[in-house]
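J.: sequence first, then the predicted structure:
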Amino acid sequence: MEALRVVELYSGIGGMHYALKGSGISAQVVAAVDINPTANLVYQHNFPDTPLWNKTIEGITLDVFDKLSFDMLVMSPPCQPFTRIGLQGDITDARTKSFLYILHLLPRLCRRPRFILLENVKGFETSSARERLVETLKDCGYLFQEFMLSPTSVGIPNSRLRYFLMAKLSTETGSSGFSAQVPDVVLQSGSSGQDTAGESSSQPEASSQERRVLYKLETLVDIQRKSTQNRDESLRQIQDFLEPQTEVDLQQYLIPPRTLLRYCLLLDIVQPSCRRSVCFTKGYGRYVEGTGSVLQCHLETEMQSVFAGLELCSEEEKLQRLLNLQLRYFTPREVANLMGFPQSFSFPGQISTPQRYRVLGNSLNVVLVSRLLQLLVS
Ligand code: SAH
């Protein structure tokens, strides 16, 4: 089979490109487009032979797209217009302009791509941008399917619930939707491991006793949910994703005392034996709340012995207790591992640690997307 010609829009650090490689599909990225200088440096470092266009998508003409004569379009449009934390400006947000431009181009292309894969945040599924996308796809003769999926559905102990749409041109001989081909494991929306705010699956009513905070703002229900996840053997353990501990510069990654004292109750703490972690976002390492889990390195210290009655302690004692846990951030390499990036992926030396977290936080789970691409093309 001749290699599929792929256009990768909003290419970032190349999560889609790695997913294509991982899928085993014979494909060649004929153009990657992004305007983020840091992400582009990382992309170019890892894919020096791929044409990377450092320009806005809306600045590329129909004619130029036609000349690329591509078979597949993969894209992760900017998610800020749709996130729950953002203003939800949806299609009125200036950052949606380039996406609307793509929808404008699609019917006008000389040759429409046979395959499309789109990734976005939770919230996109109820947006007008998604409505316009679906209308355009129908008008252009595509069959499509949508999913809400987290890497937990492919055995990775990390929550990252995302919207995916796969579309296939219906003139493909013998193609008839996807449902029959999609195994349950991918169709389920990853109900386990959904432990960031708003991602939790429906739970039975808890009694007031069960909802009482035990320690660290956590209730019996929270603790039980986490321990259920940690026993779920369909998920791998965090330790499989860690760098050799001798290679981690602990001093650089330890949570500073100031942060411990101020935000200890908000930290999502995991141990190497756990089978869960929360979504790593671009603010990881700078902000604490909801940006990703931290790792307990001194395992002999019991969480309960640190957090029970902590509020009654003096600052000094409080800090002493917290330091016993030896809490550290996951390194960028470890975050990349949890996001399914292969060992061949690396950062150019000049990219700082906060920049690494930032571009990783914008990216996607490579293993999950590989699976989707296999289903799309099979
Ligand atoms: N999937 C990518 C990340 C996508 S995040 C990865 O694996 O890393 C969205 C990206 O879209 C960001 O890198 C941002 O720089 C880029 N972007 C946003 N608006 C753009 C536009 N109008 N033209 C080109 N790139 C744009």
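T.: Okay, I see it.

J.: after the lowest-mean-pLDDT helix or strand in the chain, heading C-terminal, what element do we hit next?
T.: Among the helical and strand segments of the chain, the one scoring lowest on mean pLDDT, DSSP states H and E is helix 184-187, with a mean of 40. Toward the C-terminus, helix 184-187 is succeeded by helix 208-211 as the next helix or strand (DSSP states H and E).

J.: please report phi then psi for Asn324.
T.: phi -60, psi -30 (degrees, to the nearest 10).

J.: any idea how far Tyr263 is from it?
T.: 17 Å (C-beta to C-beta, to the nearest Å). Yep, even glycine has a C-beta here, placed from its N, CA and C like the rest.

J.: list the residues that contact Phe241.
T.: Pro157, Glu334, Asn337, Leu338 (C-beta atoms under 8 Å, 6 or more residues apart in numbering).

J.: let's have the residues you listed in a markdown table, adding neighbour count and pLDDT.
T.: Listed next are the contacts of Phe241 as a markdown table, based on neighbours: other C-beta atoms under 10 Å; pLDDT from 0 to 100:
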| residue | neighbour count | pLDDT |
| --- | --- | --- |
| Pro157 | 25 | 98 |
| Glu334 | 20 | 98 |
| Asn337 | 21 | 98 |
| Leu338 | 26 | 98 |
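
J.: farthest-apart pair in those, please.
T.: Pro157 and Glu334 (11.9 Å; C-beta to C-beta).

J.: so who does the residue of the stretch 101-250 of the chain found nearest the ligand touch?
T.: Proximity of the stretch 101-250 of the chain to the ligand (C-beta to the nearest ligand atom) peaks at Glu119, 6.6 Å away. Glu119 makes contacts with Met16, Met75, Ser76, Arg162, Tyr163, Phe164, Leu364, Val369, as judged by C-beta under 8 Å, 6+ apart.

J.: which strand or helix spans the residue nearest to the fourth one when sequence neighbours are not counted?
T.: Nearest residue to Arg162 in three dimensions, chain neighbours excluded: Glu119, at 5.8 Å (C-beta to C-beta, 6 or more residues apart in numbering). Element membership for Glu119, per DSSP H and E: strand 115-121.

J.: I'd like the distance from that strand to the chain centre, please.
T.: Taking C-alpha atoms, centre = their mean, to the nearest Å, one finds strand 115-121 lying 13 Å from the centre of the chain it belongs to.

J.: ok, and for it, which residues are buried?
T.: Neighbour-count burial for strand 115-121, counted by 16 or more other C-beta atoms under 10 Å, picks out Phe115, Ile116, Leu117, Leu118, Glu119, Asn120, Val121.

J.: do stretch 293-312 as well
T.: Ser293, Val294, Leu295, Gln296, Cys297, Thr301, Val306, Phe307, Leu310.

J.: so the second one makes contact with Thr331?
T.: Looking back up the chat, that one is Val294. No - using C-beta atoms under 8 Å, Val294 is not in contact with Thr331; the gap is 11.6 Å.

J.: buried sites along stretch 21-32?
T.: Lys21, Gly22, Ser23, Ile25, Ala27, Val29, Val30, Ala31, Ala32.

J.: among those, which are in strands?
T.: With DSSP state E as the criterion, strands contain Ala27, Val29, Val30, Ala31, Ala32 from among those.

J.: can I get the buried residues of strand 115-121 in JSON lines with distance to Arg5 and pLDDT?
T.: Below are the buried residues of strand 115-121 laid out as JSON lines (distance: C-beta to C-beta, whole Å; pLDDT from 0 to 100):
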{"residue": "Phe115", "distance to Arg5": "11", "pLDDT": "98"}
{"residue": "Ile116", "distance to Arg5": "13", "pLDDT": "98"}
{"residue": "Leu117", "distance to Arg5": "15", "pLDDT": "98"}
{"residue": "Leu118", "distance to Arg5": "18", "pLDDT": "98"}
{"residue": "Glu119", "distance to Arg5": "20", "pLDDT": "97"}
{"residue": "Asn120", "distance to Arg5": "24", "pLDDT": "96"}
{"residue": "Val121", "distance to Arg5": "28", "pLDDT": "93"}
